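Q: Please find the sequence and the predicted model below.
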Amino acid sequence: MSIEQLPETSWILNRDELLELYQPDSEQPFPLGLGIRVISKYPEAVGYREFVLLEEGLALISSDVRYTEQVTIEHPDRPIVKFHYRLSGGSGLDVQSKGFSRVADHTGSVLFMPAAMKKREVVSAGKHEHSVTIACSPSWLNAHVGPDLDGTPGGLAAYARGEQPDFFFLPITMRSSISLAANALMSCELSGYARHMFFRAKALEILALSVDVLISEHAQPDYIEHRISKSDFEQLQVARRILQTDFSVALKISDLAGRIGMNESRMMQLFKRLFGETVFDFSQRARMEFAAKLLEATDRPITDIAYDVGYDYPSNFTTAFKRHFGIPPKAVRQGGAGNTSKR
């Protein structure tokens, strides 16, 4: 598919904007009319983006781009709700009249900007962006999750009803389930209709999990529901993010409490109350899920993966993995994806 074959304009893609910034990659993994992989015309942005039309009113953009120099991207945005998941490669974002903020690694958000508003993104040299953006039209969002959005802050529910809200930005906690689904999408090696079907399935999974986060964390604050102070709630959220992302060493509970500035016994008690799991169980599950992703998506030796998730002895990792999933790591490597569904 060439960029010229795209419609003149559509609700998510603008052919003229794409022609200005990108050219089709020589390798096209999607069927004609369903998606296109493009590469930047500018040498400081090395990699690709994929624009995929999943179904009427639902589109996805995946980005795997490394920046060799600092880049500033300025463009008007479209008045479309976008769910954005930055797996790596943080940047700075300046939204007209809203000030400058950081887009940090391993963060999610949902964003809406009116048509007249502009944004400027600054990406530093050496950054390697892996990101997934899912765009929804009002009619699609209303038909699929509209009733669930009542009570969420910002203008998300209004957008689903077909109204034009003001600018809003809502953070989405990157739960391990969201991170795993987004990483699986980015590491997909399928092509053709199978790739399109896989992208659609993962996009729906990510959206479902994100709506659940928005409802549980915004509509009724957890720190109220669980009788936790706002400051304790924020400290526990930091602890959870650490456990979801820092797998290099087996973090002691005392060290984790010190990093968030909370008494150890208090942290353990409140963590279980808020997240429904002990610190140890949450950490172990996050490590095993991350290890399963590496086993399914890479060909790295199992010994190296054991070290990646904080095990000094691969045999201990094998025992823990089998206890968690019911099968050894080698079986996942031999059998491929789908073997580690927790029963």
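A: Received, thanks. As the structure is a computational prediction, the values presented were derived from the model and not from experiment.

Q: contacts and neighbour counts: CA atoms only from here.
A: Noted.

Q: how close does residue 234 sit to residue 270?
A: Using CA to CA, to the nearest Å, one gets 12 Å for the distance from residue 234 to residue 270.

Q: neighbour count winner among these two?
A: Neighbour totals were compared for residue 234 and residue 270, and residue 270 leads with 19 against 14 (other CA atoms under 10 Å).

Q: Work out for me the element that one sits within.
A: Taking DSSP states H and E as the criterion, the element that holds residue 270 is helix 264-275.

Q: for that helix, packing partners?
A: For helix 264-275, the contact count by 3 or more CA pairs under 8 Å, 6 or more residues apart in numbering; DSSP states H and E identifies helix 230-245, helix 253-260, helix 279-297 as packing neighbours.

Q: What are the buried residues along stretch 101-115?
A: Neighbour counts over stretch 101-115 (16 or more other CA atoms under 10 Å) mark 103, 105-114 as buried.

Q: From the opening residue of that stretch to its closing one, how far?
A: OK, stretch 101-115 end separation, CA to CA: 20 Å.

Q: rewinding a little: starting at the chain centroid, how far to the helix holding residue 270?
A: 26 Å (CA atoms, centre = their mean, to the nearest Å).

Q: Also stretch 282-295?
A: Between the mean C-alpha point of stretch 282-295 and the mean C-alpha point of its chain there is a distance of 16 Å (CA atoms, centre = their mean).

Q: Point out where the protein drops to low pLDDT.
A: Counting by pLDDT under 70, the chain contains low-confidence residues at 1-2, 5-11, 13, 75-77, 97-100, 218-226, 335-343.

Q: Can you classify the residue most central in space within it by secondary structure?
A: When CA atoms, centre = their mean is applied to the chain, the residue found nearest the centroid is residue 85 (3.2 Å). With DSSP: H, G, I helix; E, B strand; the rest coil as the basis, residue 85 sits in strand.

Q: ok, now residue 139?
A: Each residue gets one of three states, and residue 139 gets helix by three-state DSSP.

Q: Can you tell me the closest non-neighbouring residue to it?
A: Setting aside the residues directly before and after it, residue 139 is nearest to residue 160 in space (CA to CA, 6 or more residues apart in numbering), at 6.4 Å.

Q: so how far is residue 251 from the residue nearest to the centre of the chain?
A: Going from residue 85 to residue 251 by CA to CA gives 26 Å.

Q: can you give me the helices in the chain?
A: Secondary structure of the chain by DSSP state H: the helices cover 15-21, 138-145, 156-160, 176-186, 192-214, 222-225, 230-245, 253-260, 264-275, 279-297, 302-308, 314-325, 329-335.

Q: Find the one among the helices and strands packed on helix 264-275 with the highest mean neighbour count.
A: Compared across the helices and strands packed on helix 264-275, helix 279-297 shows the largest average neighbour count, a mean of 20 (mean count of other CA atoms under 10 Å).

Q: does residue 248 really touch residue 310, like I thought?
A: Yes. Residue 248 is in contact with residue 310 according to CA atoms under 8 Å; the separation is 4.8 Å.

Q: Might you report the residue contacts of the residue nearest to the centre of the chain?
A: Taking CA atoms under 8 Å, 6 or more residues apart in numbering, we find residue 85 in contact with 106-109, 131-133, 182.

Q: okay if I get these as CSV plus distance to residue 22?
A: CSV is the format used below for the contacts of residue 85 (distance: CA to CA, whole Å):
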residue, distance to residue 22
106, 26
107, 26
108, 25
109, 25
131, 17
132, 18
133, 18
182, 24
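
Q: Out of the buried residues of stretch 101-115, which sit inside strands?
A: Using DSSP state E to define strands, the subset of the buried residues of stretch 101-115 located there is 103, 107-112.

Q: the more surrounded of residue 248 and residue 310?
A: Here residue 248 and residue 310 are compared on neighbour count by other CA under 10 Å; more neighbours surround residue 310, at 17 against 13.

Q: just the strands in the stretch 1-150 of the chain please.
A: Secondary structure of the stretch 1-150 of the chain (DSSP state E, counting those that start in this stretch): strands located at 22-24, 35-40, 45-55, 58-67, 71-76, 81-88, 91-95, 99-103, 107-112, 118-123, 128-136.

Q: now the ones you listed in JSON lines, with distance to residue 149?
A: Formatted as JSON lines, the entries for the strands of the stretch 1-150 of the chain read as follows, by distance: least, CA to CA, whole Å:
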{"stretch": "strand 22-24", "distance to residue 149": "35"}
{"stretch": "strand 35-40", "distance to residue 149": "29"}
{"stretch": "strand 45-55", "distance to residue 149": "21"}
{"stretch": "strand 58-67", "distance to residue 149": "17"}
{"stretch": "strand 71-76", "distance to residue 149": "27"}
{"stretch": "strand 81-88", "distance to residue 149": "13"}
{"stretch": "strand 91-95", "distance to residue 149": "25"}
{"stretch": "strand 99-103", "distance to residue 149": "24"}
{"stretch": "strand 107-112", "distance to residue 149": "13"}
{"stretch": "strand 118-123", "distance to residue 149": "26"}
{"stretch": "strand 128-136", "distance to residue 149": "14"}
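
Q: and the protein, what are its domains?
A: With automatic domain parsing as the criterion, the domains of the chain are listed as 3-219, 222-335.
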